[in-house]
Structures are given as structure tokens and as C-alpha cells.
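**Student:** Requesting a structural model of the entry that follows:
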Amino acid sequence: LLSRSDELERRIAELESDRGVVVDTAAADLRRIERDLHDGAQARLVALAMGLGLAKEKLTGDPEAAARMVEEAHGEVKVALQELRDLARGIHPAVLTDRGLDAALSAIASRCTVPVTVEVDLDARPAQAIAGIAYFTVSELLQNVSKHAGATRATVDV
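**Tutor:** Next up is the predicted model:
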């Protein structure tokens, strides 16, 4: 009873392997959450802070423009809160789940500071994980276009 058996050795190896998979999966989930926060809600909140800073500068010189900017910022806060709620539930953005990648990328593009053309031509709906990666990658890229590129237009082609 106290000696090792081949069956017991096999079972120990199997359990060690399973434990490794669980640890790797948990680490991947943590990285996904960190990435989703960085690429989605955090990027939106940074843009929001920049917009409010510009509105603050315009407050005395052009109060009407400042009021419009504050109104836009208010809308952005609502979107950021929804993204955070979606993330907290472990769900990708609702539009991605409900309407697919094309609609989700179009929604991101509509918030970009430059005109963006979006073309999605896929034979089938991609897996949730792939769609999520594409969504957050495009989100980050368009944030960078808005902040750093000095571009007059952008194109997203999937």
C-alpha cells in the first residue's frame, strides 16, 4: 500500500499538469483584465481628462464652447462607466457581444477625433477572444491616432 504504483505516478503527473494549466489560465485572465482596463476604460478616461482640461481653458474666453465640451465629456463618462461595468462582469463591450465586431469597431471609430473608415469583411463571426483582442487593439490604435498622429483620417480594415 505504501509503495508507488505506475497508476499513482501517472495520476500525480496528470494533476501537476492540470494545476499548471489552471495557473496559466488565471495568469492569462489577469493579463486580459489589465489589458482591457488599459486599452478601453483607461484610454477613454485619459481622453476625457484631456477634453475637460481644454474645456477649462475655454471657460472664460468662450463659455459656449466650454459648455459643449463639458456636455461631450459627460457623455464620455457614461460610456466609460458602462465599459467598466462590462469589464467587471467579465464581458467584452456589449455592442461586441450583441452586434459583432463590425458594429463594435464602428462605435469606436465614431468616437475618434478624425474621420475613420471601417471595413469588416469576415466569412464568419470570430471567437469572442479574437473579437475582444481586435476591439481593444483598434481602440488603443485609434486613441493613439487621436493623440499623437496628427492625422486627418484613418482606416480600419479587417
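**Student:** buried stuff in the strand or helix carrying Ser106?
**Tutor:** Per DSSP states H and E, Ser106 falls inside helix 101-110. Neighbour counts using 16 or more other CB atoms under 10 Å place 101-102, 104-109 of helix 101-110 among the buried residues. The C-beta positions use only the backbone N, C-alpha and C, and glycine is treated the same way.
**Student:** Which single one of those residues is nearest to Val120?
**Tutor:** Within these, the smallest distance to Val120 is 3.9 Å, found for Asp102 (CB to CB).
**Student:** Where do the strands of the protein begin and end?
**Tutor:** Using DSSP state E, the strands of the chain run over residues 116-119, 154-157.
**Student:** do you know how far Ala67 is from Ala55?
**Tutor:** 8 Å (CB to CB, to the nearest Å).
**Student:** Which one's more surrounded, these two?
**Tutor:** More crowded of Ala67 and Ala55, by other CB atoms under 10 Å: Ala55, with 20 against 13.
**Student:** doesn't Ala73 make contact with that one?
**Tutor:** Yes. Using CB atoms under 8 Å, Ala55 is in contact with Ala73, at 6.7 Å.
**Student:** hmm, back to that, tell me what the helix holding Ser106 is packed against?
**Tutor:** On a contact count with 3 or more CB pairs under 8 Å, 6 or more residues apart in numbering; DSSP states H and E, helix 101-110 meets helix 94-99, strand 116-119, helix 128-144, strand 154-157.
**Student:** what angle do it and helix 128-144 make?
**Tutor:** Between the axes of helix 101-110 and helix 128-144, defined by axes from the mean of the first three to the mean of the last three CA atoms, to 10 degrees, the angle is 20 degrees.
**Student:** Could you check the pLDDT of Arg44?
**Tutor:** pLDDT for Arg44: 80.
**Student:** doesn't Glu83 make contact with it?
**Tutor:** Yes. Counting by CB under 8 Å, Glu83 is a contact partner of Arg44 at 6.6 Å.
**Student:** Distance of Gly20 relative to Ala26?
**Tutor:** According to CB to CB, Gly20 and Ala26 sit 11 Å apart.
**Student:** ok, now Gly40?
**Tutor:** Computed with CB to CB, the distance linking Gly40 and Ala26 is 21 Å.
**Student:** same thing with Ala47?
**Tutor:** From Ala47 to Ala26 the distance is 31 Å (CB to CB).
**Student:** quick one on the thing from earlier: most packed of the helices and strands packed on helix 101-110?
**Tutor:** Most buried of the helices and strands packed on helix 101-110 by mean neighbour count (mean count of other CB atoms under 10 Å) is helix 128-144; its value is a mean of 18.
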